[in-house]
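Structure for this input, please:
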Amino acid sequence: MKKIFTGGIILTALFLGLTGCEKQEMPIKNNDNALDVQESILKQKTANWKHYINPIIRYEFFHPDYWEVEEKNGLASDVCLTDGDEEVMRFKVYPNLEKEKTLPEFFAEDFSIDLFTSPYLMEEAEIDGQKAYWFTGVEGRVKDKPAEKTEVVALDLGTRFLVIDIFKDWPTAKLLLNKINFYPAKSK
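Residues are numbered from 1 along each chain as shown. All right, here's what the predicted structure looks like:
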């Protein structure tokens, strides 16, 4: 009798364990674009942001009024956003005038880290209708702090590659990424 009772308890526990504990898949993202922000939230949080236009590289974005924009070494291709003394984001443009390389080829041959073959988590996204690659936990991008982890967003804009480093304040940077507009290449 004791064996039947013990066997019944084990079978009941096993049955409840299997039926009541289904493995649920957790969604990695809640839409097709991991960088998207709901439009009402975007409008509310960015209402008083400053406007930066880069006519040479052909893009614009909005940024918090407490962030400063600096074109490093006077170059429109190297734009840094700072919050006081600290660098928050950097937009760096690399020419691809003849469209001779793909973005993965550029990273493999010309970039300091080949992010496409690295162990860093990569997720495809979209910024202003352009395909973007978002890499998380990237090391070696902060001068004098090689172990510090950053986010990197890379885009192939045809005649140029844009690499955006995000050093801190990811929530605000994500809002900014939703406030970027790219202009098409000029006709010859």
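
Please report the number of neighbouring residues for Pro95.
10 (other Cβ atoms under 10 Å). (Each C-beta comes from the backbone N, C-alpha and C, glycine too.)

what's the residue nearest to the spatial centre of the chain sitting at in phi/psi?
Central residue of the chain (Cα atoms, centre = their mean): Trp134, 3.8 Å from the mean position. Main-chain dihedrals, Trp134, degrees, to the nearest 10: phi -110, psi 120.

again with Lys45
The phi and psi values for Lys45, taken as degrees, to the nearest 10, are phi -80, psi -20.

and it, how many neighbours does it have?
What Lys45 shows, counting by other Cβ under 10 Å, is a neighbour count of 16.

Spit out the contact partners of the residue nearest to the centre of the chain.
Taking Cβ atoms under 8 Å, 6 or more residues apart in numbering, we find Trp134 in contact with Ala34, Leu35, Met122, Glu123, Glu124, Ala125, Glu151, Val152, Val153.

Isn't Glu124 up against Ala132?
Yes: counting by Cβ atoms under 8 Å, Glu124 does reach Ala132; the two are 7.2 Å apart.

Same drill for the two, tell me which one is more crowded.
Between Glu124 and Ala132, counted using other Cβ under 10 Å, the more crowded position is Ala132 (22 against 12).

Name all residues that make contact with the more buried one.
Going by Cβ under 8 Å, 6+ apart, Ala132 touches Leu35, Glu124, Ala125, Glu126, Val153, Ala154, Leu155.

Would you report the backbone torsion angles of the residue nearest to Pro146 when sequence neighbours are not counted?
What sits nearest to Pro146 in space, not counting adjacent residues and going by Cβ to Cβ, 6 or more residues apart in numbering, is Gly140, at 5.1 Å. With angles defined as degrees, to the nearest 10, Gly140 sits at phi 90, psi 10.
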